[in-house]
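# Kindly generate the corresponding structure for this input.
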Amino acid sequence: MNAGVLVTEDDFRRLAEFLYRRTGMVLTEGKRYFVERRLTERMTAVNAGSFSEYFARLRNNYADEIEHFINAFTVNETYFYREDDHFRCLIKDLLRLRIVKRSHDTLRIWSIPCSTGEEPYSIAIWLLENWPSVDSYNIEIVGSDIDTRVLEAARLAVYGERALMRVAPELAAKYFHRTEADQWQLIDDIRESVHLTRVNVLDVSETQQQGRFDVIFCRNMLIYFDEASRRRAAENLYECLLPGGFICLGHTESMSRISSLFEVCRFDDAVVYQRAALQD
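Reported below is the predicted structural model:
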């Protein structure tokens, strides 16, 4: 099938509802060209001759098509050290506040969605380079995403020039080795320091399986959800925070407009949101 598929209004609605029910992602009419392109790719992959034939295979999860369908519609734009003001805030403020009243030496940090790994690996490198107390604690970093393709890429951890555009040359030489022209692979020590898992943030059982965290990075994901899905995601993320834990959102996102569960915390480098600590 070489020609693009023309999606009718009814087809578009059915696809959008299917994706929304499973991921919370909202497909607007403005994304019709994107939908038609992705649908053409998936119909070709499963050799479906019509939309109805493809949609039947999707609903029946023929050859794990639901997973492939979700993968086709996720957005994975990222790079190392993106919005690093949150990383500065992590070192200067969040970890300091988390450590003050701790009775154990384990710190857990969650990156969701982690895409191809740039964010959780950036956190690991940033801690090694900028936190003098890094060796005094057992640090667990978890990276999660709903897209199984990007998780496989994160495990391989091979990146091009654009992904490393904000990494200083001396750090790139320290933490990456060149595999071929314009391709660099992260060293094993950093790759092995991050645990990667598939998680749908709207699925309470999947989020709860990850345990509870001191700090959650959930940046630039909720903008793709509608109000109801944002609220569900916020509630699930709240339950995954330890009392007193923090969540970092993207600069265009505001938890105050989503949920009243969190307290706003304004620091020099960033605004973050906190689950209230237990009272003494």
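# in which helix or strand would I find Ile247?
Counting by DSSP states H and E, the secondary-structure element that holds Ile247 is strand 241-248.
# Mind exporting the C-alpha coordinates of that strand to PDB?
As requested, C-alpha coordinates have been extracted for strand 241-248 and formatted as PDB (Å, rounded to 0.1, in the frame of the first residue of the first chain):
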ATOM      1  CA  LEU A 241       5.400   9.700  45.700                       C
ATOM      2  CA  LEU A 242       6.600   9.200  49.200                       C
ATOM      3  CA  PRO A 243       5.200  11.700  51.700                       C
ATOM      4  CA  GLY A 244       7.200  14.900  51.200                       C
ATOM      5  CA  GLY A 245       8.300  13.800  47.700                       C
ATOM      6  CA  PHE A 246       8.500  16.200  44.700                       C
ATOM      7  CA  ILE A 247       7.300  16.100  41.100                       C
ATOM      8  CA  CYS A 248       8.700  18.100  38.300                       C
END
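# Next secondary structure after that strand?
Scanning the chain past strand 241-248 towards its C-terminal end, the next helix or strand to appear is strand 263-266 (assignment: DSSP H and E).
# name the helices or strands packed onto that next one?
In terms of contact count using 3 or more CB pairs under 8 Å, 6 or more residues apart in numbering; DSSP states H and E, strand 263-266 is assigned the packing partners strand 271-274. The C-beta positions use only the backbone N, C-alpha and C, and glycine is treated the same way.
# go with 10 Å
The contact analysis (3 or more CB pairs under 10 Å, 6 or more residues apart in numbering; DSSP states H and E) places strand 263-266 against strand 241-248, strand 271-274.
# Columns mean neighbour count and mean pLDDT on top of those, output as TSV?
Putting these into TSV (neighbours: other CB atoms under 10 Å; pLDDT from 0 to 100) gives the following:
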stretch	mean neighbour count	mean pLDDT
strand 241-248	21	96
strand 271-274	21	97
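# Give me the below-cutoff pLDDT ranges for the protein.
Scanning the chain with the threshold set as pLDDT under 70 gives 1-4, 100-104, 279-280.
# which residues in it form helices?
Applying DSSP state H to the chain gives helices spanning 9-23, 32-46, 51-59, 65-73, 85-89, 95-100, 118-130, 148-156, 169-175, 188-191, 204-208, 227-239.
# Could you work out which of the ones you listed reaches nearest to Ala163?
In this view, the helices of the chain are compared for proximity to Ala163 by CB to CB, and helix 118-130 is the closest at 5.9 Å.
# For Cys114, find the nearest of the helices and strands packed on strand 263-266.
When these are ranked by proximity to Cys114, the top entry is strand 241-248, at 13.3 Å, counting by CB to CB.
# any idea how far Ala234 is from the residue nearest the centre of the chain?
Against the mean C-alpha coordinate of the chain, by CA atoms, centre = their mean, the closest residue is Pro113 at 0.7 Å. When CB to CB, to the nearest Å is applied, the distance between Pro113 and Ala234 equals 15 Å.
# and of the helices of the chain, who's closest to Ser136?
Going through the helices of the chain one by one, with CB to CB as the measure, helix 95-100 comes closest at 9.2 Å.
# For the closest one, buried residues please.
Of the residues in helix 95-100, those buried under the neighbour-count criterion (16 or more other CB atoms under 10 Å) are Leu95, Leu97, Arg98.
# With stretch 201-208 instead?
Val201, Leu202, Asp203, Glu206, Thr207.
# And for stretch 43-54?
For stretch 43-54, using 16+ other CB under 10 Å, the buried residues are Met43, Ala48, Phe51, Tyr54.
# What is the burial count for Thr8?
Neighbour count of Thr8, defined by other CB atoms under 10 Å: 10.
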